[in-house]
Each structure stands twice: as C-alpha cells, then as structure tokens.
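>>> Return a 3D structure for these sequence lines:
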Amino acid sequence: MKCLKAVKPTEDAAVYLYMLKKEAKGKPKKVAKIAALNKFLHIYYARVSEVYAAE
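This is a model prediction of the structure:
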C-alpha cells in the first residue's frame, strides 16, 4: 500500500481512491491502508477466480 500511495495510479485506481476516501473520513493512516489492502485482496481473488473458473 505504501508503493500504491507513492505511485498514484491513473488506471485501475479503485484501491487507491478507496484508501484516500478512508483517510478523508478521518481514519488513521494504518487503518486506511489495511482497509485498502483488504479491498485489493477481494478484487485480486475475484479476478483469479474468473481465470480458473473458465478452464
């Protein structure tokens, strides 16, 4: 999440924007990063499941 925050992605930025939203709501930075990591893992799992379900 540290790299994600440093790079500021322009494409596929759902996780980055989610982290910024959580920080804007007043969550501590660590809490916002963990929430963004959780969102990333859910997205990653869904994409990997799509690939293996097609086989």
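>>> for this structure, what spans make up the helices?
Using DSSP state H, the helices of the chain run over 2-7, 14-24, 29-54.
>>> roughly how far is the first one from the heart of the chain?
The gap between where helix 2-7 is centred and where its chain is centred comes out at 11 Å by C-alpha atoms, centre = their mean, to the nearest Å.
>>> Likewise for stretch 47-55?
How far stretch 47-55 lies from its chain's middle: 20 Å, per C-alpha atoms, centre = their mean.
>>> How about stretch 31-50?
Averaging C-alpha coordinates over stretch 31-50 and over its chain gives two centres that are 6 Å apart (C-alpha atoms, centre = their mean).
>>> How about residues contacting that stretch?
With contact meaning C-beta atoms under 8 Å, 6 or more residues apart in numbering, stretch 31-50 is reached by M1, K2, L4, K5, A14, V15, Y16, Y18, M19, K22, E23, K27. In short, each C-beta sits where N, CA and C put it, glycine included.
>>> can you pull the buried residues of it?
Using 16 or more other C-beta atoms under 10 Å as the test for burial, stretch 31-50 gives A32, K33, A35, A36, F40.
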